[in-house]
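Novice: Prediction below, plus the sequence it came from.
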Amino acid sequence: MQTRKQQVDSRKYSLILASASPRRKELLSWLEIPFAIIPTEIEERSNFKRPSKVVVDLARQKGLATYQLLQKREDFSKSFFPVVVAADTIVVNGSKILGKPKNSKAAAAMLRQLSGKEHRVLTGVYIGIFDKDRQLYHEDFFCSTSKVTFLPLTEDILRRYLNSNDALDKAGAYGIQGPALTFISKVDGSYSNVVGFPLSDFILHLKRNLGYTRDRIGRWRELFG
């Protein structure tokens, strides 16, 4: 028969990805931890002006929207202990935020702005953990930044890229993991951050929030089930 302490220790966290992005799904799957995908719709508007604040705020809004939905489950805080992960990515040219273009015309305008220049890609990440022992919800969020440099875009290259239909669902009108690599000359910082999810930074933050620091090294993946 299990003791009460053994029963408590056997409880598992449930990792929840609050995003429908296939790119974030693929990146998170490399952790080899089971997770569920439960996105929610938000307006994606922020009262902040600074890009790093905006992207973290949007990630937090997404995460909280999913967390509020999960709270309605009957097994919440009994046998279901969620760890909610959300993210938002923006491209920043100078001080101007470039989100997802509404159409091909808007995408072409964004790409012309980035042509032959360096810009920043910011991803805000939200981690919300319902502590199974203390019965408290803890939030953490951070922003990762990478720098990307484009070659000068000729009209032929621009037209070919727009015809690939790769631009419309991505911040800044391009995705680094696709045909845009034909005109990206340099990446300074995390590649996965430019894809949409800074995986190595996320692992460090997740382990820290689970109590795994340099002084405590263990099999933190076993906390999830």
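Specialist: Okay, I see it. Numbers count the residues shown, from 1 in each chain.

Novice: residue ranges for the strands of the protein, please.
Specialist: Ranges of strands in the chain, per DSSP state E, are 13-17, 35-37, 81-93, 96-98, 118-131, 136-150, 184-188.

Novice: hey, where'd the helices end up in the protein?
Specialist: 4-9, 22-29, 51-70, 104-114, 155-163, 191-195, 199-209 (DSSP state H).

Novice: And the fifth one, what does it pack against?
Specialist: Judged by 3 or more C-beta pairs under 8 Å, 6 or more residues apart in numbering; DSSP states H and E, helix 155-163 is in contact with helix 104-114. C-beta here means a position set from N, CA and C on the backbone, and glycine is covered the same way.

Novice: Show me the contact partners of the helix it packs on.
Specialist: Here helix 104-114 makes contact (C-beta atoms under 8 Å, 6 or more residues apart in numbering) with 91, 93, 96, 98, 101, 150, 153, 158, 161-162, 167-168, 172-174.

Novice: now those residues: which count as buried?
Specialist: Buried residues within these, counting neighbours by 16 or more other C-beta atoms under 10 Å: 91, 98, 101, 150, 153, 158, 161-162, 167, 172-174.

Novice: Nearest the middle, which residue of this structure would you pick?
Specialist: By C-alpha atoms, centre = their mean, the chain has its centre lying nearest to A87, at 2.9 Å.

Novice: show me what contacts it?
Specialist: 19, 21, 24, 59, 62, 123-126, 196-197.

Novice: Closest to E44 out of those residues?
Specialist: K62 (8.3 Å; C-beta to C-beta).

Novice: residues contacting that closest one?
Specialist: K62 neighbours (C-beta under 8 Å, 6+ apart): 18-19, 39-40, 42, 86-88, 126.

Novice: Quick check: closest non-adjacent residue to it.
Specialist: A86 (3.9 Å; C-beta to C-beta, 6 or more residues apart in numbering).

Novice: from what I can see that neighbour touches D57, true?
Specialist: No. A86 is not in contact with D57 according to C-beta atoms under 8 Å; the separation is 11.2 Å.

Novice: so where is this structure shaky, pLDDT-wise?
Specialist: Applying pLDDT under 70 to the chain picks out residues 1-9, 213-218.

Novice: try it again with 90
Specialist: Counting by pLDDT under 90, the chain contains low-confidence residues at 1-11, 44, 99, 133, 168-169, 178, 211-219.

Novice: just the contacts of K62 now: which is nearest H119?
Specialist: Nearest member of the contacts of K62 to H119, counting by C-beta to C-beta, is D88, at 16.8 Å.

Novice: from what I can see that closest one touches G124, true?
Specialist: Yes. Applying C-beta under 8 Å, one finds D88 in contact with G124, separated by 5.0 Å.

Novice: burial count for the spatially closest residue to F150 that is not a sequence neighbour?
Specialist: Spatial nearest neighbour of F150, excluding adjacent residues (C-beta to C-beta, 6+ apart): L114 at 5.0 Å. Close neighbours of L114, defined as other C-beta atoms under 10 Å, add up to 21.

Novice: picking up where we left off before, in JSON lines: the contacts of A87, plus distance to R208.
Specialist: Converted to JSON lines, the contacts of A87 look like this (distance: C-beta to C-beta, whole Å):
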{"residue": "S19", "distance to R208": "21"}
{"residue": "S21", "distance to R208": "24"}
{"residue": "R24", "distance to R208": "20"}
{"residue": "A59", "distance to R208": "17"}
{"residue": "K62", "distance to R208": "21"}
{"residue": "T123", "distance to R208": "18"}
{"residue": "G124", "distance to R208": "17"}
{"residue": "V125", "distance to R208": "13"}
{"residue": "Y126", "distance to R208": "15"}
{"residue": "G196", "distance to R208": "22"}
{"residue": "F197", "distance to R208": "17"}
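
Novice: All set now, cheers.
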